[in-house]
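In: Here is a sequence together with a model predicted from it:
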Amino acid sequence: TVDVEDDRTGISVETLRRALADHLFYIQGKWPEVASKNDFYLALAYMVRDRMMQRWLNSTRNYLRSEVRLVTYLSAEFLLGPHLGRNLLNLGIEEPVRQALQESGLDLNDLMAQEEEPGLGNGGLGRLAACYMESLSSLQIPAIGYGIRYEFGIFDQEIRDGWQVEITDKWLQHGNPWEIAHPQEAVTVGFGGHTEGYTDSDGRFRKRWIPAKQVKGIPYDTPIPGYRVNTVNTLRLWKAEAVESFDFQSFNVGNYYGAVNSKVTSENISKVLYPNDEQIEGKQLRLEQQFFFVSCALQDMIRIHLTSGRQLDSFHEKFAAQLNDTHPAVGVAELMRLLIDEHGIEWETAWEVTQNTFAYTNHTLLPEALERWSLSLFGGLLPRHLEIVFEINHRFMDQVRVQYLNDSAKLSSLSLIDESGERYVRMANLASLGSHAINGVAELHSELVKQTILKNFHEMFPGKIRNITNGVTPRRWLALANPRLAALYTEKVGDGWLQDMEKLRSLEGYADDPGFRQHWRQIKRDIKQDLATYIQTRTGITVSPDSLFDVQVKRIHEYKRQHLNVLHIITLYDRLRQNPNLDVAPRTFIFGGKAAPGYRMAKLMIKFITAVGDVVNNDAAIGDRLKVVFLPDYNVTLGQRVYPAADLSEQISTAGKEASGTGNMKFSMNGALTIGTLDGANVEIRELVGDENFFLFGLVTEEVMALKASGYNPWDYYHSNPQLKGVIDLVNCGYFAKGDSELFKPLIDNLLHHDPYLLLADYQSYIDAQDRASTAYQDQEDWSRRSIINAVRMGKFSSDRSIREYCEQIWHVKPVQIELKE
Ligand code: 26Q
């Protein structure tokens, strides 16, 4: 007999070569001679997708079995990054595919660069959701991610004259080979209208919602394969479409344009991702988005539950639904409505099911980021849900009154309704009450959640708030981002480290091995050379791979203090001007990150970075000792280039403000040392790498709170520190603005008069830590030792560890092995 590999599933080089040609011809409709690079990319993507299909369908079918328990991750954002590389890695077919392409005269890396990354998220929270989806699959946990299929993801950033310019992200324009639409599983979502009471056939008094408008949700599924396992989970994103029968009623009465207009309005719901940190209040479309995807998700879950042959009073046994921040928190009211109004379940049972279904992750303490919706907006859009929120609150307030003897302070702080002025629904309170577990995202953050925003919930429900420290997937952030380092690890410990990152700990001894350190340095230098080349082409700036690469990449925000980093650059610049022969370690300062389009100060911070760069980079007196680079359009793809090339990771937020940070983990696992405050997960990173391998500075959270309480005055620091004064004065006189002393005035005035994030208070401590880092870098042997220690001790920050903790402590789900055959 002759074994013939199936063209859809075979992975021999010859089969792959044929499958590629086949897809190019039959899917793209092209001969190789006229095919574009994108045609080849799409043919390749379809070919890879074919090789996931059996596993994907087997996983999906398996989850319909009644005894399987599923995690659903509800998130307004999934910041996925490119699929192709991850799929090749996790399926283990990169090498034969590379070779098949080569034999067809094509280069895999070249085609991978064709993929438009799906930027369906803002930053940390969205990227965390993506890492968690990947880990869920790799750990063989049955899971579905639910979210919105935004037509426009996070904007693309261009830098013009040093300022950010936003360009719409048209990620779907060349087609998306990774998704499959399932219009037959569409659901309908209502908005607006009113409620009415009625008596049902059993004589029971019931409420029902008569929406003014309906929108159809169409699911688009994307496979998320685990690393070298058969599990392929689904990311199910919903697109909003007009309900034809509904909208085209107006067509019947001759109002054609009215009908088309209302179709357009319906489809607006999934049109665009909201950038964060903007004035978030009162954006009706945002609430529509949240309700839309959550209602779609819950209806889908109910359908799955009923097809698995179960009753709705055991819904929480089938599903554990995680609320990624409060963005999906309206789901608490929607699940209650679906169970009670649509499926006739009693309030008490529905409430038990709801609480046992949901768990809530908090990602922020910043008061301006806590979601609340005015009653008029909420009730106008979701009248039935407002009634349900009131009823939940009514019952809860009774309970609080009994427990706390009518304590009015307790009542007003725990209430789901903020009644201090105009009345609002507090989404964090709704999420907290409607869940059986609440978690923060790093140890410090979780403690602060207990002590501050959810203090009274913590007191009333001890043990309900816990910590699950964030993690990131080593498949993307090591294996894909840093193949050289990954190869070194595999050579030394075998490839098991990608399933168990703690295995890297066994490499610690090599930190004292000069030969290994030499190899380590060579790898880092090669990667830095690659980034230097990229910087040259993208920005025209020449940087040396032998300089210290000092990197801060993250969203631009005052609390993250990119401008503190700039104050340090100016300090070094000033020192070099005063003393041109000063012996300093040459440094390249690399920044990247987007500012919310409506956040003026953040946009000015970008201009500040680029303006200082323009002066420093072109000052002959400085030579090549300092370079400042702003990398435009920071995204997942660029992150994969940047983290591996960093020597020093800037994690310099005001203590108590950064919930966790996850970039800090990606840097450290790629061998960067951290300069940072005791904030978020920095605390836990420092505990692991040791005090001597971490450049610590700044006030701690308690000191920040105490200083603010005692009346912080930034002028005191300005007047008592000549170096700081010199730096501020230099900016103030327009030195970095071609003499324009107005340009950076809003920024400097804010620091001198308010400084809400305590830059001036932390300035000297930061400069001292930077000086220690410079000195340390000059001893390359010792720096390598510290770098190795950092990298090999980061096992804790694998998202596999985080997901295991969620599974054990919150979701109570177990792995399910999927068979490949059938
Ligand atoms: C809310 C309402 C209206 C419009 C936008 C928003 C919105 C969108 C996104 C509010 C916040 C976000 C994103 C928050 C976020 O990314 N938080 C980060 O989460 C990470 C993962 O836990 C942490 O590591 C970071 O510390 C935290 O800042």
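Out: Perfect, I can see it now.
In: which ones are touching whatever residue of the chain ends up closest to the ligand?
Out: Going by CB to the nearest ligand atom, the ligand is nearest to Gly124 of the chain, at 2.9 Å. Just so you know, the C-beta spots here come from the backbone N, C-alpha and C atoms, and that holds for glycine as well. Counting by CB atoms under 8 Å, 6 or more residues apart in numbering, Gly124 makes contact with 363, 554-555, 659-663.
In: For it, give its distance to Ala769.
Out: 24 Å (CB to CB, to the nearest Å).
In: what does Pro474 give?
Out: Using CB to CB, Pro474 is found at 28 Å from Ala769.
In: got it, and Phe378?
Out: Taking CB to CB, one finds Phe378 at 46 Å from Ala769.
In: what do you get for Asn261?
Out: Asn261 sits at a distance of 58 Å from Ala769 (criterion: CB to CB).
In: Same check on Arg587?
Out: Following CB to CB, the distance that separates Arg587 from Ala769 is 14 Å.
In: ok, these two, which is more surrounded?
Out: Shown here are Arg587 and Ala769; by other CB atoms under 10 Å, Arg587 has more neighbours (25 against 21).
In: Beta-bridge partners for the more buried one, please?
Out: For Arg587, the beta-bridge partners are Leu548, Leu626 (DSSP bridges).
In: isn't it right next to Leu548, touching?
Out: Yes: assessed by CB atoms under 8 Å, Arg587 is found in contact with Leu548 at 4.6 Å.
In: between those two, what contacts are shared?
Out: With CB under 8 Å, 6+ apart, Arg587 and Leu548 have common neighbours Ser774.
In: Show me which residues of the chain sit near the ligand.
Out: Proximity of the chain to the ligand, by CB under 6 Å from any ligand atom, involves residues 122-125, 128, 274, 276, 280, 286, 363-364, 369, 371, 441, 470, 658-662, 680.
In: Can you pick out the ones from those that are in helices?
Out: Among these, the ones falling in helices (DSSP state H) are 124-125, 128, 286.
In: so where do the strands sit in the stretch 451-600 of the chain?
Out: Under the criterion DSSP state E, counting those that start in this stretch, the stretch 451-600 of the chain contains strands at 465-467, 548-553, 587-592.
In: So which of the ones you listed is nearest Leu235?
Out: Evaluated with CB to CB, the strands of the stretch 451-600 of the chain place strand 548-553 nearest to Leu235, the distance being 24.9 Å.
In: Return the list of helices and strands in contact with that closest one.
Out: strand 587-592, helix 636-642, strand 648-651, helix 759-778 (3 or more CB pairs under 8 Å, 6 or more residues apart in numbering; DSSP states H and E).
In: redo that, cut-off 7 Å
Out: strand 587-592, helix 636-642, strand 648-651 (3 or more CB pairs under 7 Å, 6 or more residues apart in numbering; DSSP states H and E).
In: wait, which of these is closest to Gly463?
Out: strand 648-651 (30.5 Å).
In: And for the closest one, what's in contact with it?
Out: Here strand 648-651 makes contact (CB atoms under 7 Å, 6 or more residues apart in numbering) with 548, 550-552, 565, 661, 664, 667-668, 672-676, 682, 773.
In: Read off the pLDDT value for Glu508.
Out: Model confidence at Glu508, expressed as pLDDT, equals 97.
In: ditto for the one 4 residues further on
Out: Taken from the predicted model, the pLDDT recorded for Asp512 is 97.
In: same check, this time on Ile541
Out: pLDDT, read off for Ile541, is 98.
In: mind listing what it touches?
Out: For Ile541, the contacting residues are 535, 617, 627, 629, by CB under 7 Å, 6+ apart.
In: for Gly434, same thing?
Out: Residues near Gly434 by CB under 7 Å, 6+ apart: 332, 354-355, 358.
In: Among these, name the ones in strands.
Out: Members of the contacts of Gly434 lying in strands (criterion: DSSP state E): Phe358.
In: and which of the contacts of Gly434 is nearest Pro483?
Out: Here the nearest of the contacts of Gly434 to Pro483, counting by CB to CB, is Phe358; it sits at 39.8 Å.
In: returning to what we had before: among the strands of the stretch 451-600 of the chain, which is nearest Asp110?
Out: Set against Asp110 and scored by CB to CB, these come closest in strand 587-592, at 23.6 Å.
In: Can you tell me which helices and strands that closest one packs against?
Out: Of the remaining helices and strands, those touching strand 587-592 by 3+ CB pairs under 7 Å, 6+ apart are strand 548-553, strand 626-631, helix 636-642.
In: Show me what counts as buried in the second one.
Out: To tie it back to what came earlier, the one meant is strand 626-631. Buried positions in strand 626-631, judged by neighbour count with 16 or more other CB atoms under 10 Å: 626-631.
In: What about Ser420, how many residues nearby?
Out: 8.
In: which residue packs closest to it, ignoring adjacent ones?
Out: Ser412 (7.6 Å; CB to CB, 6 or more residues apart in numbering).
In: got the buried residues for the helix or strand that contains that neighbour?
Out: According to DSSP states H and E, Ser412 maps onto helix 408-414. Under the neighbour-count criterion of 16+ other CB under 10 Å, helix 408-414 has 410-411, 413-414 buried.
In: Nothing else from me, thank you.
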